[in-house]
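>>> Provided below for reference: sequence and predicted model.
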Amino acid sequence: MIPDTELNIWEHSQNVRQLYRQRSLGEVGEMDASAQGAELLAPFITQAERPPRLLDAGCGSGYLWPSLKKRGLKVEYHGLDYSPSLIDIGRETLGLPPERLICGSIEDLRGQSFDLVALINTLSFGPDFRQPLARLADTGARAIVIRDNFGPETIRRWETDGYLDPGYNHLKAYWNQWQTAEVAGFLAGYGFTVTEVPDRRTRGRVEMVVDKPYYWSWLVAVRPGSLMKMRNPL
Ligand SMILES: C[S@@+](CC[C@H](N)C(=O)[O-])C[C@H]1O[C@@H](n2cnc3c(N)ncnc32)[C@H](O)[C@@H]1O
């Protein structure tokens, strides 16, 4: 089910649409998070009989795909996002078969399998991390690479965005921070070993995202037997 677009903040920003189109077309510099995300996924993308199926959950317009391609990382890319206008941009710009860009919610994933999952800059915008992470773990992925607002405690924020198109600035959304240990423990319950990796762009410093404090960090969740050696599992 696709959530009501009238209340979806991502459907009411001309600036976001323009930026995401430019990113997908490579008209602006590569986003730091796409670059680091591609590098964190790389150890799991090996020359195999078939390229691994990768789900980019909350893909926006799918500009992780050009970052993977640019590095020669061969995957079967699938982007999923619940904002139809961003999915349309991906279909127009990426040169992928249109069905590789899926319009829907992470929470509604059922019965689909993927080898790898990327969840970049998305988890914070939902009411809780558990349902989306459970659905992604259920895909059977051997690794999930997550960038989000992580810290020593969970802080729930339900606030206006303030930077939307005229007429929409009353809309509220979640801008949550998740307790790192709680998320890592939840993923451990699904059999993952979890390692925190510092964010190269922000290096532990706060970044204001539409005036809300974000502490970006990465969690790399790996099922046993996968390729990467874990140095400092949480
Ligand atoms: C900040 S953007 C991130 C886009 C891209 N991953 C990036 O790193 O720039 C968050 C995206 O997640 C999508 N999103 C948020 N919650 C979602 C959910 N539960 N299911 C599907 N898409 C979701 C929004 O539509 C939006 O495109």
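Done, it's in.
>>> CA only for contacts and neighbour counts going forward, please
Fine.
>>> can you map out the helices along the protein?
Here the chain has its helices, by DSSP state H, at 14-25, 32-41, 64-70, 84-93, 130-137, 180-188.
>>> Return the distance of the third one from the chain's centre.
By that I understand helix 64-70. Averaged C-alpha coordinates place helix 64-70 at 14 Å from its chain's average position (Cα atoms, centre = their mean, to the nearest Å).
>>> what's the average pLDDT for that helix?
Here helix 64-70 scores 97 as its mean pLDDT.
>>> and what of the fourth one?
Averaged across helix 84-93, the pLDDT comes to 98.
>>> Let me know the angle separating that helix from helix 14-25.
For helix 84-93 against helix 14-25, the angle between stretch directions is 30 degrees (axes from the mean of the first three to the mean of the last three Cα atoms, to 10 degrees).
>>> Please enumerate residues in contact with helix 84-93?
Contact with helix 84-93 is made by 11, 17, 20-21, 24-25, 60-63, 80-81, 97-98, 101-103, as judged by Cα atoms under 8 Å, 6 or more residues apart in numbering.
>>> how many neighbours does residue 97 have?
When neighbours are counted by other Cα atoms under 10 Å, residue 97 registers 10.
>>> Would you mind measuring from residue 108 to residue 204?
For residue 108, the distance to residue 204 equals 33 Å [Cα to Cα, to the nearest Å].
>>> Return the residues in contact with the residue of the chain most remote from its centre.
The outermost residue of the chain relative to its centre, with distances by Cα atoms, centre = their mean, is residue 167 at 27.9 Å. By Cα under 8 Å, 6+ apart, no residues touch residue 167.
>>> next one: residue 156
Applying Cα under 8 Å, 6+ apart to residue 156 gives the contacts 174, 175, 176, 177.
>>> where are the low-confidence patches of the chain?
Filtered on pLDDT under 70, the chain yields the residue ranges 1-3, 227-234.
>>> Point out the residues in it that sit beside the ligand.
10, 58-60, 81-83, 104-107, 120-122, 125-126 (Cα under 6 Å from any ligand atom).
>>> Which of those ranks first by neighbour count?
residue 60 (30 neighbours).
>>> Residue 135 contacts residue 111, doesn't it?
No: assessed by Cα atoms under 8 Å, residue 135 is found out of contact with residue 111, at 9.4 Å.
>>> between those two, which one's more packed in?
It is residue 135, of residue 135 and residue 111, that has more neighbours when counted by other Cα under 10 Å, with 17 against 9.
>>> gap between stretch 7-21 and the chain center?
A distance of 16 Å separates the centroid of the chain from that of stretch 7-21, by Cα atoms, centre = their mean.
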